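K.L.:
return a 3D structure for these sequence lines:
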Amino acid sequence: MSRPTPTIILEYTDKKTYKTEQILEAHEHAIWAVFYKNAAFNLKTFSSISSTPGPKYKKTSFSNPGHAVNLSAKLNKQFKCRDFRVVKLVADAPVDNDTTID
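P.N.:
Numbering: from 1, shown residues only. Take a look at the predicted model:
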């Protein structure tokens, strides 16, 4: 079964680079996050033998529940525990930001 076609809310194409960014409607208008022992966490990976400088920080919250469920299952298996779980976050009170429009 193929994925359903996403609903495009906004679209912008940079006329110099031809790079396009699309704002897509999220599944159920929520964010799914993986929590460890009921708390948010950061996920950092690195290799002691890699020539790549510095660590890489991975996502722990997603607009699709499948990605969060898969990450939670992977981490529980990897760390031999059941402490990672998926939490559905819905809009409550937006945080104002001070961005300026050019």
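K.L.:
who's in contact with stretch 29-39?
P.N.:
Outside stretch 29-39, the residues that touch it by Cβ atoms under 8 Å, 6 or more residues apart in numbering are 40-41, 60-65, 67-69, 71-72, 75, 83-91. Heads up, the C-betas are built off the backbone N, CA and C, glycines and all.
K.L.:
any low-confidence regions in the chain?
P.N.:
The model of the chain has pLDDT under 70 over residues 1, 99-102.
K.L.:
quick one, strands of it?
P.N.:
8-13, 20-24, 31-36, 43-45, 56-58, 61-62, 84-89 (DSSP state E).
K.L.:
can I get these in JSON lines with mean neighbour count?
P.N.:
Shown next, in JSON lines, are the strands of the chain (neighbours: other Cβ atoms under 10 Å):
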{"stretch": "strand 8-13", "mean neighbour count": "10"}
{"stretch": "strand 20-24", "mean neighbour count": "11"}
{"stretch": "strand 31-36", "mean neighbour count": "20"}
{"stretch": "strand 43-45", "mean neighbour count": "10"}
{"stretch": "strand 56-58", "mean neighbour count": "11"}
{"stretch": "strand 61-62", "mean neighbour count": "18"}
{"stretch": "strand 84-89", "mean neighbour count": "16"}
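K.L.:
using JSON lines, lay out the ones you listed together with distance to residue 95.
P.N.:
Shown next, in JSON lines, are the strands of the chain (distance: least, Cβ to Cβ, whole Å):
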{"stretch": "strand 8-13", "distance to residue 95": "20"}
{"stretch": "strand 20-24", "distance to residue 95": "18"}
{"stretch": "strand 31-36", "distance to residue 95": "14"}
{"stretch": "strand 43-45", "distance to residue 95": "23"}
{"stretch": "strand 56-58", "distance to residue 95": "21"}
{"stretch": "strand 61-62", "distance to residue 95": "15"}
{"stretch": "strand 84-89", "distance to residue 95": "13"}
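K.L.:
from memory residue 24 sits against residue 10, does it?
P.N.:
No. Here residue 24 does not reach residue 10: they are 9.1 Å apart, not a contact under Cβ atoms under 8 Å.
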